[in-house]
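Colleague: I would like to see how this sequence folds:
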Amino acid sequence: MGISVGFTKRFAASLLDGLVVFLPIALLSFLLFQEGPGDILTSLTQSLYMLILPVVWHGYVVGKKMMGIRIVKKDGSDVGIGAMLLRVFVAGLVYALTVGIGYIVSAFMVFIREDHRAIHDFIAGTYVTNAGPVQVIPLEEALD
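Modeller: Model prediction:
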């Protein structure tokens, strides 16, 4: 059965997403529109990727799929659009309002906590697991 995944795999998945997905999007945007990585089209595309792909792909994004990990709800079920809205946009707002301090706290939470949940996991009621779609169990059972 799957367990909650710690800092190293989550960080590696984020790096892979940056290299495999976000960098090509930024380069394409630059080539087509002469806009940099912070332009609205690039930011919107990246946000939609993080919001929609996990909903239609059983909690995976490209980097997480490459690392064999995925996002699920605390009860072990697949994430829906509501959970991903909370995870991406509401948590993003919290991180922005804390000027990035919340993001740093989240990294420490994933590293230190037994359940490896970050602030965005608590906001959305999710966790990251190494279990495949048919193997997931609720978080409480995974920690026992």
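
Colleague: three-state assignment of the residue nearest to Pro133 when sequence neighbours are not counted?
Modeller: Nearest non-adjacent residue to Pro133, counting by Cβ to Cβ, 6 or more residues apart in numbering: His58, 4.4 Å away. Placement of C-beta: from N, CA and C, glycine included. Under DSSP: H, G, I helix; E, B strand; the rest coil, His58 falls in the coil class.

Colleague: does His58 really touch Gly76, like I thought?
Modeller: No: with contact defined as Cβ atoms under 8 Å, His58 does not count as touching Gly76 (11.8 Å).

Colleague: quick one, which of the two is more surrounded?
Modeller: Gly76 (19 against 16; other Cβ atoms under 10 Å).

Colleague: how close does the more buried one sit to Arg117?
Modeller: 14 Å (Cβ to Cβ, to the nearest Å).

Colleague: which ones are touching Asn55?
Modeller: Just to correct that, residue 55 is Val rather than Asn. Applying Cβ atoms under 8 Å, 6 or more residues apart in numbering, we find Val55 in contact with Asp78, Val79, Gly80, Ile81, Met84.

Colleague: and the gap between the residue nearest to Pro133 and Gly132?
Modeller: To Gly132, His58 is 8 Å away according to Cβ to Cβ.

Colleague: shared neighbours of these two, anything?
Modeller: Here His58 and Gly132 share the contacting residues Arg70, scored by Cβ under 8 Å, 6+ apart.

Colleague: all the helices of this protein, in order from the start?
Modeller: 7-17, 23-33, 40-56, 62-67, 81-85, 91-97, 101-112, 119-124, 139-143 (DSSP state H).
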